[in-house]
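Peer 1: what follows is a predicted protein model with its sequence.
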Amino acid sequence: MLRVAVVGSGPSGCYTAQNLVQRDPGVHVDVLDRLPCPYGLVRYGVAPDHEKIKSLQGSLRSVLEHERVRFLGGVRVGGPGGLPVERLRELYHAVVYCVGAATDRRLGIPGEELPGSWSATEFVSWYSAHPDAADAGFLRGVRSAVVIGVGNVAVDVSRMLVRGAAELRPTDIPQAALDTLAASGLSEVHMVGRRGPAQARFTTKELRELGGLPGCEVVVDKAELALDTADPGALPSGQRRNVEVLRGWAAEPAATAARRIRLRFFLRPVELLEVAGRVGAVRFERTEPDDRGGVTGTGRYEDVPAQLVLRSVGYRGVPLPGLPFDPVSGTIPHQEGRVLRDGTPSPGEYVAGWIKRGPTGVIGTNRPCAKETVTSLLADAPALGRGDVPTDPVAALRATGVEPVPWNGWLAIERAEAELGARLGRGVVKLSDWDTLLGAARVP
Ligand code: NAP
C-alpha cells in the first residue's frame, strides 16, 4: 500500500487524487486542506453567478468520496502554526503540493495602498464567503469603479459589480455581500487593459456574457479599437472572436441603462490619485502598439475617476516554508511534477496545478497537469513504498495538536448552509466566518 498526501482540495488536488486511485489500486490518498471546506477556487474563486462551472463540485465530490480517498479539512501545512513540511513528509510515502497561487500580483505604482484600492482576489474572496476575507466596505460611497486588467477575473469582478439583487439572490452568495451589492450606488465600471483588444486575456464566452446583463450596457470606444494594428484575420481564433465582439459593441448606438461597463484599451496605470484620504481616480498613460505584441508609452495621460479600484492583474504563488520556490515565476521548481531541490528531484515530493505551472489556464487544464505528476509519482512508487510510515497518519496529526475536520464535518457545513438558505427564503447560502464554519462542522 502506498500512502499519499495531497495538499489542497481544489481542482488540481482532486484531479491528482482521482488519477492516483484510478491508476493504482494500492494507493490511498489523504487530501488535506487548511479550510474545513473542500474544492479550493471552485468554491472560493468561481463567481457565484457561474452556477454551471460551480456544478463541477459534483465531480470533485465524487473524488473525495472515493473509498481510498479521505478529506482532512482544517489542516494547515507549513507556515506559522502549520504542520511543517518535513513532518508531513514523514507521515506519508509521498506528498503532492497542490496549493495554488494564494496571493495577487502587484502593480508597483504610487497609491496602490490607498483605502479603496483592493486586489481583485480580496473582492472575490469577500463575495465568495472565504473565511479569511473581511467586509472591507468595498462599495461604500462608490459611483465609479476601475478594474485594472483584462483577464477573466477582471470580467468576473466587473460583472459582479453590476449584477442586481434579483440575479444574485438565487446564487449561494453570502447574505451580507448580496445586501451590499444590491444597495450599491455604483453606475460605472471601467475595465482597463494596458495593451490592445487583440492581446486581452479574457475568453470570448466570458466577454460576451457582459453584453447580456440586465440593466447594464457595454461601451467600447471605436477609436481605441482602431489603434490596434494587429490583422484580425491573422489572429488565433479566440482573440479574433474577442475583437469581433468588441467591434460589435463599438458599433452599437449609446443606450441609457442604469449601469455601464466601459471596456478601455491602451491605457497603462501609472498612479492611484488620492481624494480626501482615499482613492479618487486612476491616472493612466496612453500607450500605443509597438508591433511586437507590446506597447510603448506616449507621454499623454488620462485620469479616470474611481472610488473603488480592483487590481486584477493575475494571481501569484507564495513560498511554502521548507519547500524550494522560484520567486520569478512564483512556482515551486519541478521536473515533470517532481519537486527539485538544488536542481535534483527530491524523493517523495511533488507538485501539481498553479504552484507547479503558474496561474494560467481553465479548470480543465489541471487534468493533464495532474496526470503528468501522477505518472512521475507512480514511476517512483517502488522506491517510495519502501519508506516506513505510520499506519494511520491521523493519529500522528492529532499528536501534533491538529484535529482534522473529516468529510462528515464538511457534510454538516453543507447542511447548515442549506438550513441558512431556507431561513432566508433562498437556496443554499454560504457561511462566511471561521467560527460558524467550525461550529457547523462539529454538529453530529
Ligand atoms: P490573466 O488572465 O493573467 O490576466 C491578467 C491581466 O492583467 C492581463 O490583462 C494583463 O495584461 C494585466 N496586467 C498584468 N500586469 C499588469 C500591470 N502591471 N498593469 C496593467 N495590467 C496588467 O489573470 P486572471 O484574470 O487573474 O486569470 C487567471 C487565470 O484564471 C486565467 O487563466 C483565467 O482564464 C482563469 N480564470 C478563468 C475563469 C473562467 O473560465 N470563467 C474565471 C476566472 C479566472 P498583459 O496581458 O498586458 O500582461
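Peer 2: Structure's in. What do you need? Numbers count the residues shown, from 1 in each chain.

Peer 1: residue numbers of the chain in contact with the ligand?
Peer 2: Taking CB under 6 Å from any ligand atom as the measure of proximity, the chain contacts the ligand at 107, 148-154, 156, 193-195, 199, 201, 206, 269, 312-315, 359-362. For the C-beta atoms, the positions are set from N, CA and C on the backbone; glycine is no exception.

Peer 1: switch to 5 Å and redo it
Peer 2: When proximity is defined as CB under 5 Å from any ligand atom, the chain approaches the ligand at 107, 149-153, 194-195, 201, 206, 313-314, 360, 362.

Peer 1: G81: neighbour count?
Peer 2: One way to gauge burial is a neighbour count; for G81, by other CB atoms under 10 Å, it gives 8.

Peer 1: show me the contacts for it.
Peer 2: By CB atoms under 8 Å, 6 or more residues apart in numbering, the contact set of G81 is empty.

Peer 1: so it: helix, strand or coil?
Peer 2: Judged by DSSP: H, G, I helix; E, B strand; the rest coil, the three-state class of G81 is coil.

Peer 1: now do it against T103, distance only.
Peer 2: In this structure, G81 and T103 are separated by 18 Å, where distance is defined by CB to CB, to the nearest Å.

Peer 1: which of the residues of the chain next to the ligand fall in helices?
Peer 2: Within the residues of the chain next to the ligand, membership in helices is found for 152-153, 206, as judged by DSSP state H.

Peer 1: now the residue of the stretch 101-250 of the chain found nearest the ligand. Nearest residue, chain neighbours left out?
Peer 2: Nearest residue of the stretch 101-250 of the chain to the ligand: G151, at 2.3 Å (CB to the nearest ligand atom). Computed as CB to CB, 6 or more residues apart in numbering, the closest residue to G151 that is not its neighbour in sequence is R201, at 3.9 Å.

Peer 1: phi and psi next, for the one you found.
Peer 2: Taking degrees, to the nearest 10, you get phi -100, psi -10 for the backbone angles of R201.

Peer 1: about what we covered before: can you put the ones in helices among the residues of the chain next to the ligand in TSV and add pLDDT?
Peer 2: Listed next are those as TSV, based on pLDDT from 0 to 100:
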residue	pLDDT
N152	97
V153	97
E206	97
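
Peer 1: who wins on neighbours among these?
Peer 2: V153 (27 neighbours).

Peer 1: and that residue, what is it in contact with?
Peer 2: Applying CB under 8 Å, 6+ apart, one finds that V153 lies in contact with 120-121, 124, 312, 314-315.

Peer 1: how about 6 Å then?
Peer 2: Shown in contact with V153 (CB atoms under 6 Å, 6 or more residues apart in numbering): 120, 312.

Peer 1: quick one: the helices in the stretch 251-400 of the chain, in order.
Peer 2: 354-357, 366-384, 393-399 (DSSP state H, counting those that start in this stretch).

Peer 1: same question, the stretch 51-200 of the chain
Peer 2: Under the criterion DSSP H, counting those that start in this stretch, the stretch 51-200 of the chain contains helices at 51-54, 57-64, 85-91, 120-127, 152-162, 165-168, 175-183.

Peer 1: nearest to C216, out of those helices?
Peer 2: The closest approach between C216 and any of the helices of the stretch 51-200 of the chain, judged by CB to CB, belongs to helix 152-162 at 4.6 Å.
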